[in-house]
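K.L.:
Return atomic coordinates for the entry below.
(2 chains)
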2 protein chains.
Amino acid sequence: MNHLQGEDLLCKQLGYEFKEQRLLRRALTHRSYSAEHNERLEFLGDSVLGCVVAKYLHDSFPQLSEGELSRLRSNLVREQTLVTLAQQLDLGSHLRLGEGELKSGGFRRHSILADGLEALFGAVFIDRGFEAAQKVVLNICMPYLEKVDVQNLGKDAKTLLQEHLQSKHLSLPCYSVIATHGEAHAQSFQVECVISSLKITARGEGSSRRNAEQQAAQAACHELSLQT
Amino acid sequence: MNHLQGEDLLCKQLGYEFKEQRLLRRALTHRSYSAEHNERLEFLGDSVLGCVVAKYLHDSFPQLSEGELSRLRSNLVREQTLVTLAQQLDLGSHLRLGEGELKSGGFRRHSILADGLEALFGAVFIDRGFEAAQKVVLNICMPYLEKVDVQNLGKDAKTLLQEHLQSKHLSLPCYSVIATHGEAHAQSFQVECVISSLKITARGEGSSRRNAEQQAAQAACHELSLQT
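P.N.:
As a prediction, this is how the structure comes out:
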């Protein structure tokens, strides 16, 4: 594949045309490839992404409190989300990596993909300013932003898991303590959450039984891709 | 003092005129005063402040790495800085607080001042967009941004403290362990750092002597208003 063609395609997907092509090039350059790498752009992109998502959530959900907005944002802006978005853009094929990283499959490494996407946002911010970066971020992130589940905000993992299973008419999870460690005043509990109908067994640990159960439920939610 | 006059003065200090006066009013309203309070604006303001400072540092220090930029930013954007800036604007006298907070001197409470300032940045962001908020943030924060000390970046607290004292031809600090707690495998050390020439005694705690000394040095730097 011709490199320029690839970058043109990427820009089309971003819905953006760079004034300064060298910024795009830099955003796609990993530190293993050249000293002119994308880490400073990533620093900038991370903050512009946070700001755009904050503005979007603030404007879209006038009924939510500050705490709820913060929680929504950290649910959205996490590495796994960025990795999925980067994969959809096939960002790995555009990144310029050093030979070591190439051989070890670095273009599939999650942190490299997430950082590359943030660097792209940072590059647009420098190239044409905040509004342009906002547009690109929203273009790319909209599928996630539209799925934001305000209904389940603030529900704890056990409740969320139970409601999900009930809605599917499945048997409820079964929690049991499988180990305790430490002295009475500083005990740690290990809890197992079993959902037999789905063949899921998840574990959690905490300083109380209650806490460990929430952790186990959280792990089970994660396996079911439920947003907690 | 007439309230409107007060707000006019505040806007003059910010170098900003609100299109929508109700945004300014909301930014100045603590949750103890009304349900129309400033917490959501603070959420937004926090992220716009972070983004503006990131952009400023990125553009001003092309030689710094991502890690150094991050560190500089978190040194700058911390509660104590915001409180000092809020005090310079006499923000406490403009805030609308409930009676309970007023009686207990809430207008002097650090978190209330810092949150109020962030809420102002958020209000400007909504009122006229990012560029306007950027201008106001830079107006207000410039005294701090200009003082950014790249020289001392990455230096640990003990080194910083020692260099500072040497430059003033003062006696060096004296560190001593004043207490240890816990079993051998999980010890905690308490260290005292005494600078006799300045009559400063600062304490630190850590899981090693070295660590506790750094903490104590950090506390001493703080007393001397040295940026660490």
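K.L.:
quick one: low-confidence ranges for chain A?
P.N.:
For chain A, the stretches with pLDDT under 70 are A:1-4, A:106-107, A:152-154, A:227-228.
K.L.:
Domains in it, by residue range?
P.N.:
Taking automatic domain parsing as the reference, chain A has its domains at A:3-146, A:157-223.
K.L.:
Could you single out the most deeply buried of those?
P.N.:
Burial of the domains of chain A is given as mean neighbour count (mean count of other CB atoms under 10 Å in any protein chain shown); domain A:3-146 ranks first at a mean of 18. No exception for glycine: its C-beta is placed from N, CA and C like everyone else's.
K.L.:
report the longest helix in chain A, please.
P.N.:
Counting by DSSP state H, the longest helix found in chain A is helix A:39-60.
K.L.:
Contacts for the helix or strand harbouring residue A:142 next, please.
P.N.:
Element membership of residue A:142, judged by DSSP states H and E, is helix A:130-146. Outside helix A:130-146, the residues that touch it by CB atoms under 8 Å, 6 or more residues apart in numbering or on different chains are A:14-16, A:48-49, A:51-53, A:55-56, A:60, A:76, A:81, A:85, A:89, A:117, A:120-122, A:124-125, B:51, B:129-131, B:134.
K.L.:
Distance from that helix to the middle of the chain?
P.N.:
Relative to its chain's centre, helix A:130-146 lies at 15 Å (CA atoms, centre = their mean, to the nearest Å).
K.L.:
secondary structure class for the nearest residue to residue A:61 once chain neighbours are set aside?
P.N.:
Once flanking residues are discounted, residue A:61 sits nearest to residue A:150: 6.2 Å by CB to CB, 6 or more residues apart in numbering or on different chains. Assigned with DSSP: H, G, I helix; E, B strand; the rest coil, residue A:150 falls in the coil class.
K.L.:
Quick check: phi and psi on residue A:150?
P.N.:
Residue A:150 has phi and psi values of phi -70, psi -30 when expressed as degrees, to the nearest 10.
K.L.:
Against residue A:76, how distant is it?
P.N.:
Look at residue A:150 and residue A:76: by CB to CB, to the nearest Å, they are 12 Å apart.
K.L.:
same deal with residue A:67?
P.N.:
In terms of CB to CB, residue A:67 sits 15 Å off from residue A:76.
K.L.:
same question, residue A:5
P.N.:
Remark: distance between residue A:5 and residue A:76 (CB to CB) = 32 Å.
K.L.:
next one: residue A:35
P.N.:
33 Å.
K.L.:
Ok, residue A:91 next?
P.N.:
For residue A:91 relative to residue A:76 (CB to CB), the value is 18 Å.
K.L.:
and chain A, which residues reach chain B?
P.N.:
Applying CB under 8 Å from any CB of the partner chain, one finds that chain A approaches chain B through A:39-40, A:42-44, A:46-48, A:50-51, A:54-55, A:58, A:64-66, A:69-70, A:122, A:125-126, A:129-131, A:134.
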